[in-house]
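Visitor: Sharing a model prediction with you, sequence too.
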Protein chains: 8
Amino acid sequence: MNDIDLDFERSNRIGLPEIVYGQHKSPAQLADVAARFKQQQASLLITRCTPAQVAGLEGEYDPVSRTFLCVRREPAALPGIVGVIYAGTSDAPVAREALITLRFLGCETREFGDCGVAGMHRLLAHRQSLAQCTVLICCAGFEGALPSVVAGLMPQPLIAVPTSVGYGVAEGGRAALHAMLASCASGVCVMNIDNGCGAAMAARRILNLSKPRELNHAGLVDRSAERHQR
Amino acid sequence: MNDIDLDFERSNRIGLPEIVYGQHKSPAQLADVAARFKQQQASLLITRCTPAQVAGLEGEYDPVSRTFLCVRREPAALPGIVGVIYAGTSDAPVAREALITLRFLGCETREFGDCGVAGMHRLLAHRQSLAQCTVLICCAGFEGALPSVVAGLMPQPLIAVPTSVGYGVAEGGRAALHAMLASCASGVCVMNIDNGCGAAMAARRILNLSKPRELNHAGLVDRSAERHQR
Amino acid sequence: MNDIDLDFERSNRIGLPEIVYGQHKSPAQLADVAARFKQQQASLLITRCTPAQVAGLEGEYDPVSRTFLCVRREPAALPGIVGVIYAGTSDAPVAREALITLRFLGCETREFGDCGVAGMHRLLAHRQSLAQCTVLICCAGFEGALPSVVAGLMPQPLIAVPTSVGYGVAEGGRAALHAMLASCASGVCVMNIDNGCGAAMAARRILNLSKPRELNHAGLVDRSAERHQR
Amino acid sequence: MNDIDLDFERSNRIGLPEIVYGQHKSPAQLADVAARFKQQQASLLITRCTPAQVAGLEGEYDPVSRTFLCVRREPAALPGIVGVIYAGTSDAPVAREALITLRFLGCETREFGDCGVAGMHRLLAHRQSLAQCTVLICCAGFEGALPSVVAGLMPQPLIAVPTSVGYGVAEGGRAALHAMLASCASGVCVMNIDNGCGAAMAARRILNLSKPRELNHAGLVDRSAERHQR
Amino acid sequence: MNDIDLDFERSNRIGLPEIVYGQHKSPAQLADVAARFKQQQASLLITRCTPAQVAGLEGEYDPVSRTFLCVRREPAALPGIVGVIYAGTSDAPVAREALITLRFLGCETREFGDCGVAGMHRLLAHRQSLAQCTVLICCAGFEGALPSVVAGLMPQPLIAVPTSVGYGVAEGGRAALHAMLASCASGVCVMNIDNGCGAAMAARRILNLSKPRELNHAGLVDRSAERHQR
Amino acid sequence: MNDIDLDFERSNRIGLPEIVYGQHKSPAQLADVAARFKQQQASLLITRCTPAQVAGLEGEYDPVSRTFLCVRREPAALPGIVGVIYAGTSDAPVAREALITLRFLGCETREFGDCGVAGMHRLLAHRQSLAQCTVLICCAGFEGALPSVVAGLMPQPLIAVPTSVGYGVAEGGRAALHAMLASCASGVCVMNIDNGCGAAMAARRILNLSKPRELNHAGLVDRSAERHQR
Amino acid sequence: MNDIDLDFERSNRIGLPEIVYGQHKSPAQLADVAARFKQQQASLLITRCTPAQVAGLEGEYDPVSRTFLCVRREPAALPGIVGVIYAGTSDAPVAREALITLRFLGCETREFGDCGVAGMHRLLAHRQSLAQCTVLICCAGFEGALPSVVAGLMPQPLIAVPTSVGYGVAEGGRAALHAMLASCASGVCVMNIDNGCGAAMAARRILNLSKPRELNHAGLVDRSAERHQR
Amino acid sequence: MNDIDLDFERSNRIGLPEIVYGQHKSPAQLADVAARFKQQQASLLITRCTPAQVAGLEGEYDPVSRTFLCVRREPAALPGIVGVIYAGTSDAPVAREALITLRFLGCETREFGDCGVAGMHRLLAHRQSLAQCTVLICCAGFEGALPSVVAGLMPQPLIAVPTSVGYGVAEGGRAALHAMLASCASGVCVMNIDNGCGAAMAARRILNLSKPRELNHAGLVDRSAERHQR
């Protein structure tokens, strides 16, 4: 079997470092990956892993989101705040995956739990704080109505993340996914079910906006200034 | 081909008259059905029919809901009001089918249009009127979030009707149906997609509640008092 | 991680207390929730939980429905009886979840088991008792034909609950769900698969009907009379 | 394009003549097929065709089932009766396709319409006649509950045919198909949606049972006696 | 919880005894059921059970089909033979469930394994034996092509049973089910996925055909002669 | 039927004006809507309409995207450019809907057609121009691979829009939708199938980012400065 | 709207010329495309077009497959024969699309119609001719069993093409697609539903095998020898 | 239960030996199968098995692909090379199943891992080596875009294998399967999800092409020369 071929140039290319998808990888494979990140003095984020898969590695395991994080260089701070809203306790693992990924990417965050539409006063009580966010990430399972309501109230970019929380027709998250895609509210964009990590990266692409950007001689975007800063 | 075997005893049995499902029936079959209702001096409601199918019959065609109604005996008035809420103009055909069926069944109604969750102030502006209703019927397509929001605000029995309005993942109404079934709000019950007529009958079963009921000698519920009243 | 934000005002708002969805919550989270209910002297119902999740809490675990109940204040008795009909032993968990929730909500109940349509004489033998019920809840898996048959015989409001019982095309309960939604019987309304708890709440909304209702100054429905009664 | 290669030996092989599936065939192709059946002095049945497709051909078009039949040799009469039960007028096209195919195959038939489970007394009124049938075919759309009820009452072989009648979740017939496959009643077997013709052939295979059968020298079943009879 | 209400009259009504569906029943419930069958001196068949569920009961457990059988009275022998054909070893559990159910119902059987269409010579080698069968049951997973091929060669009633054997698009048996329903071969009828027991009952309904049948005074079919015989 | 209740405050609330969804609306309803927009001196965009629906109204119909636009006040110019990339000519209607909506919202745009991955050199030839865009919208049908490739090359926010272009498994756009949601590229967010208009609004939410934002006394975001500017 | 960007280098790159997908293109767009092919003196194949779309263009329209072909340079003859087998007349459009595309690509073909598995003797009669083919393409709708049977008999590369022919569960071709993918026969590979054109290109890739191949300086495969030959 | 009927003539018939599908077979059944292969001095490949199922058998177990291989006679070497490309580590089990099956069939192979489209430079770096392959097999999960990209660059026969790797809409591999079937690239053919073994057999059918082939007297293809060579 070949060695795993890591994409350390990704950050240089698109401004987002490689994040390791833990599922299906053996402890030995993850240890090998971790060693190579260490060699590069690069921070490491592994998603969807169990404690057993990352036992003995240098870093911190979060049991709610099932992520493993080792920050070696503090990422350059970005302007703006990403607000992560979620419907109920059951959605916390996905929200937490987003929050930890955002931390890994150098974004400031704010967390808004228990905002389910069945008791909308709880969401409305956060309006002032929500207005201070630059980008909103909104996680919900079951009928996935939360992003429709938020998008009707707030003007920011809104990234909806369906969660696999629910039973019957909601099992696996398709009902929430379809509700979010079909939202009659304006300009909601949607991630795959349970993809908190992807939502964080989409938010990071947005926060990145204000920076100037130039094509380098290789025909690719030059982010070397940013890289050196780190 | 056999004659159509109408169930004129249904009203006697379960308190709900037979309603004729127009789709797939030829004009000749509908004319035959209509003649037999006339012979019984019974009111007639045909759903899902075209003007061509009912041309020449005694009664009134409603083009929005595609229903045909001929009231021969005013139904006994029932206590209570059924409120029919819907999200947008595109949901009007289903809401209207419910309203006309409720009229056919003798229920007083109130109509609340353009209450989509993308601009929730419109719904909230109706709170006083909604509170006067006995039963609520709530029609929505796309992401079908409206019943979740209403059920979080109002205490009445709430019958949700998904509509086939929408495109992409919402096409045909499955996204709205699943969102309504998966609603995290308390005690929402759901009809088949576009089944405004069924929602009206479910509401009628509820309004009927306050009346005393006795088993007759045939082991069936005796509604003869009510029948004579008509 | 934030504390769980409980909605103790729900009962005030819509006449239905919050019920705790146990799935995905840790024992620590449930213990915290239970402590706050105790502080409010409020009765507590947790659905979809295991004995391990609620070990040590004050209350009673029912292994058939996987619910946990602690009644602290007897709910105000409601007029009327809810009949819970189910097809076979395999549907008992869902029926039992409905029965326990109804008990929690203060509704009188009656139970009708083994009423599958393959031996319809068993259902027909219960006709007298069924006629004494105010609302009927009907649970069935496999082909889900039971509500269609019941709705053709009885006049009451009928809430159908598909169960996830069955194999092959019936696995997971979609076949039963679709059959119930597509029922040609009049005015059947349907809950999500296995949602016995929701059916009980829908029944409770109906039993509640006879009571007067007024908007309070906050624009919400005032149920304070009822609350004080408790 | 090649000529159509007809399977005139099928009757010899399995006791069932070839039936022509009209859909997708041009009038010219059907005229060619018809000429070859005529040359063989064979009876011809075309299913799923429009009047325009068979215009000018020798035989009779049935607009309800959209079949075209030309009987050239009366089929040998078979012992037994096939009863065709169906739920409502909308199911008549499928029931009629079964009835005409049975006529083509030489089976005696009886027709039972408007037997939907919403008014079960209509089915029960036919019990005596149903008991005289050898095989039962049962067509229903919407929730497809009819075969479950019939199979719980009658002992004969029962062939269920879901129809594509219904809307919302019932559209296209999958809800009825799944309900029939998942039937908790004993020994119901099922055809594809709208396959009245196939149900007739399955019934014909059953009626055929009593006859002796011998392998001929080609290793195939010899039906030549039967063939000569014709 | 109510006692289980067994349908001991089913045999009298439709000629098929009740068979107990083991899945979801506790050992205590099955022990109770078994005791009542013993009291009636009735033979007992439990399907889809584990050894632990039936531990200590009188009878024999078959691990391949996961059925439990206790024959107390030999069923009256029926004329005819049911041939059970299956594609590969993986389909054996379903085929075996059919074979044991047929034994329980008093039918003579013949077994034909490893007849997959990828090596069709194996099926063709059985033609002589297959021709001696009265009814054929055909079990296959993956692409489910076997019944199409058999139906093109043999004239008997053919009951197709899709199995849940396969992976990818075949996982769970839907691919095989759809292939069997869509078979272009004549008169194949189909059971739910993995429903070997149902196929046996359908076969039993067919074998039963030759016997005279009379309506008794209760409007039900009188099978008392048959019953006494046992 | 009630009048249509337009949400003219939406722009004030979330910075996005109401856009009229033309499908299902009658010419009379659209004329009424147009009159009210004219009265407000507001620009009007109607999507998914036919020429017949908007005949006689003041504005311009685009047959490719089936949109109708009447600009009454030039929107305030926004900083940044939105690049709209699409795979082939068949995707042009969706791309064009996005482009016209962006024009309506005051965004500068650039168009990149025929960039399908089957001939990737065409996409790569646009790298310099793509790098000058602030936000990218990427429309593709069939296998929907284009956003994965673009997201692996470019750092901007990327909004993927699946189109309903394709046949077989791609028909209706689900294959492209799922591919985009499942993209292994970093931070791609996705709209409903064919939702070019929604993608434009999501892009507008992003372009809006740099502006300061304050909660007004009504607890809603005050955009009045922006409004007066217009 | 941009001009259509044709990929005339594709043949150079992968040995397969661009084929124009006609669906969704206007007559004007196709005329423009055709003019540019003419300018290049290149042969032109348009698939999935109507006569109206290509009216006035130089070339020949085939109504069965709905393709339009204009051969300007005879393609270099390839060694080997592609056999195209199909189940019934209804599958002819797909088979014909494959045959015409193969002609366009310079492949010799042989056609085998009416080979459905319901009468397998018809397929077996072609064994000698089938054995002379280099590659087999196998088109079938309904249950899609034909490739399984062919792959069990013949050793050549076998490309299965499901067709959208059938009704009920077979409608649209998913049943056939899944059966072909799930085939228990060895080494069957599968195309999208109705993709006769793609099957021809896959066959062309295979026939191409025997030719030497070298990387040119641009890092791409050099097919210039072949090109000059034309 | 019958003995397993192995198809040792398959190699003779279609040039491909029987491969044993391990799933659902007991250790005893596999031991029996292995003994019969040993008796024939035939090489044995078992797929989808656990170490426990094959414990004690002569041969080698590969834990990544879950295959068991025992080579008894080296297969005749075939001309050409099969390149196996895959997207990421998670796809390795399927790629490895293909590689081991190819080894079993006597094909030379080359392996290309970590070629996911999110970092396309990794694929492009292999262009020279890829160009030396005769046939390409391409395994990918998630959005399954890899074969589209490869097919746009390389001229060889390309067999795409979707893997069940991914979550949310990608779970189980349907998203990748549909993307591959819908590929707009030319002439991609597709296997069932995770079917690495089948892809190897399809490649083997292609490599086999150059050899002469003759029908033997039994009407089957004579591969005896090849067999003796072994």
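Guide: All right, it came through fine. Note that this is a predicted model, so its numbers are computed, not measured.
Visitor: State the number of residues packed around the closest residue to chain E within chain A.
Guide: Nearest residue of chain A to chain E: residue A:172, at 14.4 Å (CB to the nearest CB). Every residue, glycine included, has its C-beta placed from N, CA and C. Residue A:172 is flanked by 20 other residues according to other CB atoms under 10 Å in any protein chain shown.
Visitor: quick one, what contacts it?
Guide: Residue A:172 is in contact with A:164, A:193, H:171, counting by CB atoms under 8 Å, 6 or more residues apart in numbering or on different chains.
Visitor: Repeat that for residue A:36.
Guide: Taking CB under 8 Å, 6+ apart, we find residue A:36 in contact with residue A:6.
Visitor: That one belongs to a strand, doesn't it?
Guide: No. Residue A:36 is assigned helix when assessed by DSSP: H, G, I helix; E, B strand; the rest coil, not a strand.
Visitor: Please name the nearest non-neighbouring residue to the residue of chain A at minimum distance from chain D.
Guide: As assessed by CB to the nearest CB, chain D sits closest to residue A:169 within chain A, at 10.7 Å. Using CB to CB, 6 or more residues apart in numbering or on different chains and skipping residues adjacent in sequence, the residue nearest residue A:169 is residue B:178, 4.4 Å away.
Visitor: now the one you found: how far from residue A:87?
Guide: Residue B:178 sits 16 Å away from residue A:87, going by CB to CB, to the nearest Å.
Visitor: Residue A:129 now?
Guide: Distance, residue A:129 to residue A:87, by CB to CB: 17 Å.
Visitor: So for these two, which sits in the more crowded spot?
Guide: More neighbours surround residue A:87 than the other of residue A:129 and residue A:87, with 30 against 13 (other CB under 10 Å).
Visitor: Now do the residue nearest to residue A:169 against residue A:189, distance only.
Guide: 20 Å.
Visitor: Check residue A:112 too.
Guide: In terms of CB to CB, residue A:112 sits 19 Å off from residue A:189.
Visitor: the more surrounded of the two?
Guide: Neighbours were counted for residue A:112 and for residue A:189 using other CB under 10 Å; residue A:189 has more, 33 against 23.
Visitor: Quick check on the more buried one: phi, psi?
Guide: Here is the backbone geometry of residue A:189 (degrees, to the nearest 10): phi -120, psi 150.
Visitor: any weak-confidence spans in chain A?
Guide: A:1-3, A:210-230 (pLDDT under 70).
Visitor: Tell me which stretches of it form strands.
Guide: Counting by DSSP state E, one finds strands in chain A at the ranges A:20-21, A:44-47, A:60-62, A:67-70, A:81-86, A:108-112, A:135-140, A:158-162, A:188-190.
Visitor: Need the ones you listed in JSON lines (columns: distance to residue E:32).
Guide: Shown next, in JSON lines, are the strands of chain A (distance: least, CB to CB, whole Å):
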{"stretch": "strand A:20-21", "distance to residue E:32": "50"}
{"stretch": "strand A:44-47", "distance to residue E:32": "49"}
{"stretch": "strand A:60-62", "distance to residue E:32": "48"}
{"stretch": "strand A:67-70", "distance to residue E:32": "49"}
{"stretch": "strand A:81-86", "distance to residue E:32": "46"}
{"stretch": "strand A:108-112", "distance to residue E:32": "52"}
{"stretch": "strand A:135-140", "distance to residue E:32": "44"}
{"stretch": "strand A:158-162", "distance to residue E:32": "44"}
{"stretch": "strand A:188-190", "distance to residue E:32": "51"}
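Visitor: Among those, which comes closest to residue B:4?
Guide: Closest to residue B:4 of the strands of chain A is strand A:158-162 (CB to CB; 46.4 Å).
Visitor: Listing partners with orientation, what would you give for the closest one?
Guide: When pairs are called by DSSP bridges, strand A:158-162 turns out to pair with strand A:135-140 (parallel), strand A:188-190 (parallel).
Visitor: Pick the most deeply packed of those strands.
Guide: Among the strands paired with strand A:158-162, ranked by average contacts under mean count of other CB atoms under 10 Å in any protein chain shown, first place goes to strand A:188-190 (a mean of 33).
Visitor: Tell me the gap between it and the middle of its chain.
Guide: Relative to the centre of its chain, strand A:188-190 is centred 14 Å away, using CA atoms, centre = their mean, to the nearest Å.
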